[in-house]
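In: Pasted the sequence and its predicted model underneath.
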Amino acid sequence: MPQSVSVIVLAAGAGTRMKSALPKVLHTLSGRAMIDYPVMAALAVSDDVQVVLFHEAERLEAHINEEFPLAKCVRQDHLRFPGTGGAVMAAAPKHDRIVVLNGDMPLIDAGFVRSLAAGRADATLAVFISPNPTGYGRVVIKKDRVLRIVEEKDADAETKAINTINGGAYAFSAHFLRENLPKLTNQNAQNEFYITDLIALANESGREVSAVWGDSEILMGVNSKAELAIAENIHQARLKESLMIRGVLMRLPETIFIDANATFEGECVVENGVVVLGKSRVTRSTIKAHSVIEDSIVTDSDVGPFAHLRPNCEISNTHIGNFVETKKARLNGVKAGHLSYLGDVEIDEGTNIGAGTITCNYDGKNKHKTVIGKNVFIGSDTQLVAPVTIPDNVLIGAGTTVTKNPNEGDLVLSRSPQKSFAGFFARFFGKKP
């Protein structure tokens, strides 16, 4: 249940190190925008979540409003109050305990946010131990009391030996922020207002500044595409471990990609190289090696290897073999063993799809639907030119092009008569076979 805590998520920065026109926090990690993860963690703890925006604010606000209608977007006055401290100034939290998170921390979870919120010090700082702290500011701590944050360029040799790093997440009492935010100045090389200066102000006034220990993964910030890849790898490992604990069997899980929006139910098998994207749902099914599932539902079926279910497929009690591609297909009790394209199609139980079968669903302007009934046998290398309906109990001979609706029970053929010319080999090549 949400606690009496407000959470401010800072997402106003330009993120220039991403080298991208896409705002940094909209880059995806396991299928969701980076900003989604700290916002989800915040909403699990608080009924007052405020996301501070400036760069590409309209684009970010549209995303937040669509995904998280309970979160509130506010705009930073970046011209007058730039920097992280200025971003905190933009929010108007309603509770007495306030947690501040960065929007580029996709590995943070609700448990850690609760740990920050649980403190009673006027100022609380998240910290972690780094095996290689070079390039980072050091946090000087004595008995879990933060004494100061020292930037590396200002640190002496003794301070540089400290490997405790500022994790970039904070908690404050509301009265402390009301008293000290107006005291922040931008008298520094960047002419910005820094949230870290609040820690210095707390120490100067004799307020308690406590530390909450995290780890480098939970508190990892993403500033480049290289760091995004590292964070996604960590997130994927967490996600797949959770699924395996719940009963999903994965072969070579490090080769598998699972979207954070995908769900698995019952006993499933996911083989190496599989990609499951979007809001796919897999239930009591086997997804064989190197198959791709996109925004589709698979129930009591086996798919692959090397199959591709494009969006809006519903596959149940069905065998989808190697090199079969489906799109907007509803298959129930079907066998499609290999080398077929089944797009904009409904196929009912007992039907067999021969190798090389294609639904010709696109006429160059519009997509058309194919409907195939029960117990239909479709021979190899068949083209079904949509719109077309194949009723129950029809046989379609190999190599047939179907352009008209047959009747139930028909045999459908459209082959040209086979012709043989005796002795042609010897005449053509000038020698006997």
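Out: All right, it came through fine.

In: which parts of stretch 280-295 are buried?
Out: Across stretch 280-295, burial judged by 16 or more other Cβ atoms under 10 Å covers 280-283, 285-295. For every residue, glycine as well, the C-beta is placed using N, CA and C.

In: what sits up against that stretch?
Out: With Cβ atoms under 8 Å, 6 or more residues apart in numbering as the test, stretch 280-295 has contacts from 251, 259, 261-279, 296-312, 322.

In: Residue 98 - how many residues pack around it?
Out: By other Cβ atoms under 10 Å, 25 other residues sit near residue 98.

In: residue ranges of the helices in the stretch 1-150 of the chain, please?
Out: 36-43, 57-67, 84-90, 110-118 (DSSP state H, counting those that start in this stretch).

In: any chance of those helices in JSON lines, with distance to residue 51 too?
Out: Formatted as JSON lines, these follow (distance: least, Cβ to Cβ, whole Å):
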{"stretch": "helix 36-43", "distance to residue 51": "7"}
{"stretch": "helix 57-67", "distance to residue 51": "6"}
{"stretch": "helix 84-90", "distance to residue 51": "10"}
{"stretch": "helix 110-118", "distance to residue 51": "14"}
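
In: Quick one: closest of those helices to residue 158.
Out: helix 84-90 (27.5 Å; Cβ to Cβ).

In: Does anything pack onto the closest one? Which helices or strands?
Out: Applying 3 or more Cβ pairs under 8 Å, 6 or more residues apart in numbering; DSSP states H and E, one finds that helix 84-90 makes contact with strand 3-11, strand 46-53, helix 196-204.

In: Buried among the contacts of stretch 280-295? Make that a PyMOL selection.
Out: One line in PyMOL is enough to select the buried members of the contacts of stretch 280-295, burial here meaning 16+ other Cβ under 10 Å:
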select buried, resi 259+262+264+268+269+270+271+273+274+275+276+277+296+297+298+299+301+302+303+304+305+306+307+308+309+310+312+322
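
In: now, which of the contacts of stretch 280-295 lie within strands?
Out: 263-265, 269-270, 275-277, 297-299, 302-303, 308-309, 322 (DSSP state E).

In: Residue 175: neighbour count?
Out: Neighbours around residue 175, by other Cβ under 10 Å: 10.

In: Oh, that last question was meant for residue 171, not what I typed.
Out: What residue 171 shows, counting by other Cβ under 10 Å, is a neighbour count of 26.

In: secondary structure class for residue 236?
Out: Under DSSP: H, G, I helix; E, B strand; the rest coil, residue 236 falls in the helix class.

In: and it, how many residues sit next to it?
Out: Residue 236 has 19 nearby residues by other Cβ under 10 Å.

In: I'd say it and residue 107 touch.
Out: No. Contact criterion Cβ atoms under 8 Å: residue 236 and residue 107 do not qualify, at 11.2 Å.

In: Confidence-wise, which helix or strand of the protein is lowest on average?
Out: Lowest by mean pLDDT, DSSP states H and E among the helices and strands of the chain is strand 145-150, with a mean of 85.

In: Name the residues that touch the helix or strand that that strand is followed by?
Out: As assigned by DSSP states H and E, the chain's next helix or strand after strand 145-150 is helix 157-160. With Cβ under 8 Å, 6+ apart as the test, helix 157-160 has contacts from 133, 138, 140, 150, 152.
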